[in-house]
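S.K.: Fold the following.
(one chain, ligands or ions: 2)
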Amino acid sequence: MTGILRRVMPLGDPVRKTKDDEDFSVEYSIAMEYNGPPLPYNLPRVSPVVVGEIPTANAFPLWSGLLDMDLPVIQPVKKKARPGEDGGQKFEVVGLPWNSPDANAKFESSMVIGSKGCLRSQDDKLSDDSTLSSHYLHEPPVHGHEKRPSAVTFHSTDSFDERSFVTDSDGDTVPGRPKAQNSGKKGSCYHCKRGSRFTKKEACIVCDAKYCYRCLLRAMGSMEEGRKCLLCTGFRIDESKRISLGKCSRMMKRLLPEAEIKRIMRAEFSCVNNQLSSKLVFVNNRPLKKRELLLLQSCANPPRNLTPGYYWYDRTAGFWGKAGEKPSQLISGQLNIGGQMEREASNGNIGVLINGREITKEELWMLKAAGISCKGKPHFWVSPDGFCQEEGQYNPRGMIWEKAKTKIMCKILSLPYPSNPASSDRVEVNKENDVDYVSVPRKLLLIGSENSGTSTIFKQIKISFGDAFTEEERRGLKLVIQSKLYCYLGLLMEARERFEKESLREKEKGKSILFECEVSDSGYGSWAKDSRKKKGKGLVINQSRPSHPGKTIQKEAKPTYAISPKLKRFCDWLLGVIAAGNVEDMVSPSSCEYSALIDELWKDEAIQATYSRRNELEELPRVATYFLERAMEILKEDYGPSDMDILYAEGISSSNGVVSTNFSFPKSVQSGAFGDAAARRVDSSSYQLIRVHPNSLGVNCKWLEMFEDVNLILFCISLTDYDEFFDDDSGGSKNKMVASRDLFQKIVTHPVFSKKHFLLLLNKFDLFEEKIEQVCLTRCEWFKDFNPVISRNHHRGNDVNGSPSLAQRAFYYIAVKFKRHFRSLMDHKLYVSLVTGLEQDTVKDFLLYAREIIDWDEDITLINEDSSTSN
Ligand SMILES: Nc1nc2c(ncn2[C@@H]2O[C@H](COP(=O)(O)OP(=O)(O)OP(=O)(O)O)[C@@H](O)[C@H]2O)c(=O)[nH]1
Ligand SMILES: [Mg+2]
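M.R.: Numbering: from 1, shown residues only. Ligands and ions are numbered 1, 2, ... in the order given. Predicted coordinates for the structure are as follows:
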């Protein structure tokens, strides 16, 4: 199916706004279900629409900002209301869908409103059971993916040709059977020929015929050998299905009682006809004998999901992999199976050898992470416990599995890592394989320039959907938080000194600073902060004596910034420690002796007065407030950071480089606004998020090569960067937004990413909303032509007419700017999403969007493969 906009659904009853009987307007909300390639922007799919008055593009407030681009937008053409059959009014909205290249591809939607403003009847021609009907008059093609005529023809299983049975060339007695073909439309059930690609189906493990819920039991009968069509019983299974043997699907669970399912799954897994033929498994270029296969499958640590194919096996160290590929597992060593491993077994070409095999570049990175030098292209001998030495000489080079960094590297590079590095026996690829489904995690690479918020996003995902923080990680984060807290205190101490000098200077000049205060009804008031903030002298001092309500009083500022000599000495010492970069010494357990002094310092009037002017301290980040106000609790030795503390902490842990976490979507997140429709793919997939700091990418981002197998790149940009500058290498001043764009350009044009999709995350929208009210977007040279039309009712959120706020317009503008700038470089592979703030669930939206992009990409790859194999 190729439809893009699937349907428009009314959300609740329309409200009639009476003018007179002939001419009235109706307000209704609709939800639009979009079903096709991901839109280039992560847009809300539920949009309030006003129909009747003027159903223009304005009715889609969030989308209208994107009208002039290659964004799909419905352009409704108002048709005059005409009387419905029963005296109501009929409205029709006809428009071009989604900038379709096909001019005839019209979208039509209609509804009849009764005289009381309720939906009454439908246009039967168009509707099925929904109150508002809509459809494509002509299905538009999906961008870049023309609808192909179905290449697969279907023969029902009833007409299966007995002559098509094949017998193994190796003399295996279990015959095979060719794939079934579907004569119905593509994606339909092979039996009833109804349904589409998205209808849930169960496949026969022999001929791959797929049956819908209604036809499954009829087509497969009692399933004596598992999920095989009646005529396929007794035949060899399709090897690509081996991985799913014995794993029950949801549809089966819905159809059959538990005991029956158990019986079928057991039969499927263990019946003789479904067993792997040893002759189809080649190890080091030699087919296995029955005995060898048995030995391999029954060893302490067998290869997982063994299917027919060519493999290499390093008997000495236990590395196992597909012929011509990097190692995928560490299995038991010393098994006497297969032939001799060849130097070219894994197709490595860098001259470094492990046990006679030339290793791949990923393994080279792993060795480097383990601290093993590979200079001079050495030939290593590696034992199962990871002990590494040069061949032919007693020259130990180290233990591969010893360092924590090796583990991270293996995870990122999808290399095997022992579950218990100390013992050579029990090894595994990674944890996910222990659960009852097997899935290769889809990889998301998260990059962004300094301070763009990548660490925060990483932590939000880890906290909400990923593995919990380990004790070790929490200990690392505790140190980060405590060290940062000392730095924040240091900034306050420096500011205090500055303020003290300033106030003394003012005093010498004989100038006194006057503070104004408006007295409230209760007779009390606070010294106004804002009036002086403009002059850079903000200070809030509560008035101690009641005064006359409504009266404005003035007061002379006291030099409140002086501290006692004892605290002064402590401050000077602490600033010295921070300046020398030894702040980590402060957070060692022995440092609790300072906590009494810190307490005294924090409570000191001068520090509090400085703290109250924190808005003037640009170098003090906003999050500092969150930690400073709990300074004493945090500096205690037994302090353990909460999830919130971790989220607000700057950085991830003491390491600045690469970190990764595995995550998956919980069930509640799988269904979106459209319930089952949006959650068409029940997602048991696991995902891996890899966050890499730009500093660790090396010259010209050369280390990006390590990430060639990622499915999607998330590039994070802070929206607030537009008015910020830094000194670049040439001594000039560079705008941070432009610097981010340039970094992005380096990444999108990197050869390993030439075919990848990118999702641009425009981050810190909450701060952006505040900033844009104060500083115009045109501060950034690149955004000089930003010239929004601001409505009279303009305020921060959507205005009363539903048109977008200034920040929203600016966001669209920036999104468009990036899309246009990179259009020629990336060929429609750039998607954009907004990240709104620090709350944990803000990541949910763009993660669902990311999943949609990956799903779509996989679907298209499958379709392309399908059509190329059937041609
Ligand atoms: N208000 C607000 N603050 C944010 C948001 N995202 C990040 N921040 C803050 O911005 C600062 C920088 O974010 P980090 O997560 O450290 O991003 P980073 O600099 O890319 O990552 P590191 O280099 O590891 O520090 C931190 O103080 C965050 O708390 C956001 O959406 N809203
Ligand atoms: Mg940071």
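S.K.: now the strands for the stretch 701-850 of the chain?
M.R.: Using DSSP state E, counting those that start in this stretch, the strands of the stretch 701-850 of the chain run over 712-718, 725-727, 733-735, 757-763, 830-834.
S.K.: For the third one, which strands pair with it and how are they oriented?
M.R.: Note on strand 733-735: by DSSP bridges, its sheet partners are strand 725-727 (antiparallel).
S.K.: buried residues in the partner strand?
M.R.: Buried positions in strand 725-727, judged by neighbour count with 16 or more other Cβ atoms under 10 Å: F725. (Each C-beta comes from the backbone N, C-alpha and C, glycine too.)
S.K.: Show me what the mean pLDDT comes to for that strand.
M.R.: The pLDDT scores in strand 725-727 average 91.
S.K.: show me the contacts for the residue of the stretch 701-850 of the chain found nearest ligand 2.
M.R.: Per Cβ to the ion, S718 is where the stretch 701-850 of the chain lies closest to ligand 2, at 10.1 Å. Residues near S718 by Cβ atoms under 8 Å, 6 or more residues apart in numbering: G448, N451, S452, G453, K736, S740, N763, K764.
S.K.: Quick check: which of those are also close to ligand 1?
M.R.: Near ligand 1, judged by Cβ under 6 Å from any ligand atom, the entries from the contacts of S718 are G448, N451, S452, G453, N763, K764.
S.K.: So which of these would count as near ligand 2 as well?
M.R.: When the ones next to ligand 1 among the contacts of S718 are checked against ligand 2 using Cβ under 5 Å from the ion, the ones in range are N451.
S.K.: For ChimeraX, write a command that selects the buried ones of the ones next to ligand 1 among the contacts of S718.
M.R.: Of those, the buried ones go into a single ChimeraX selection, burial set by 16+ other Cβ under 10 Å:
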select :448,451,452,453,763,764
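S.K.: The longest helix along the chain and ligand 1 in contact?
M.R.: Longest helix in the chain, counting residues (DSSP state H): helix 471-508. No: contact of helix 471-508 with ligand 1 (Cβ under 6 Å from any ligand atom) is absent, the minimum separation being 9.5 Å.
S.K.: Now do the buried residues in that helix.
M.R.: Buried-residue list, helix 471-508, by 16+ other Cβ under 10 Å: 473-474, 476-497, 499-500, 503.
S.K.: Can you spell out which helices and strands pack onto that helix?
M.R.: Secondary-structure packing of helix 471-508 (3 or more Cβ pairs under 8 Å, 6 or more residues apart in numbering; DSSP states H and E): helix 565-579, helix 583-586, helix 595-603, helix 605-611, helix 623-628, helix 631-634, helix 643-648.
S.K.: so what does the fourth one touch, helix or strand wise?
M.R.: Counting contacts by 3+ Cβ pairs under 8 Å, 6+ apart, the secondary-structure elements packed against helix 605-611 are helix 471-508.
S.K.: tell me the angle of the helix it packs on relative to helix 565-579?
M.R.: Per axes from the mean of the first three to the mean of the last three Cα atoms, to 10 degrees, the angle that helix 471-508 makes with helix 565-579 is 130 degrees.
S.K.: Need the residues that contact stretch 358-366.
M.R.: 325-327, 343-344, 346-354, 367, 374, 400, 406, 409-410, 413-415, 705-706.
S.K.: Can you tell me which helix or strand of this structure has the lowest average pLDDT?
M.R.: Using mean pLDDT, DSSP states H and E, the weakest-scoring helix or strand in the chain turns out to be strand 133-136, at a mean of 32.
S.K.: Give the next helix or strand downstream of that strand.
M.R.: strand 201-203 (DSSP states H and E).
S.K.: quick one: strands adjacent to that following strand?
M.R.: strand 210-212 (antiparallel).
S.K.: residue ranges with poor pLDDT in the stretch 251-400 of the chain?
M.R.: Scanning the stretch 251-400 of the chain for pLDDT under 70 picks out the ranges 394.
S.K.: Residue of it nearest ligand 1, please.
M.R.: Relative to ligand 1, the nearest point of the stretch 251-400 of the chain is A369 (19.7 Å; Cβ to the nearest ligand atom).
S.K.: which ones are touching that residue?
M.R.: K403, K405, T406, I408, M409.
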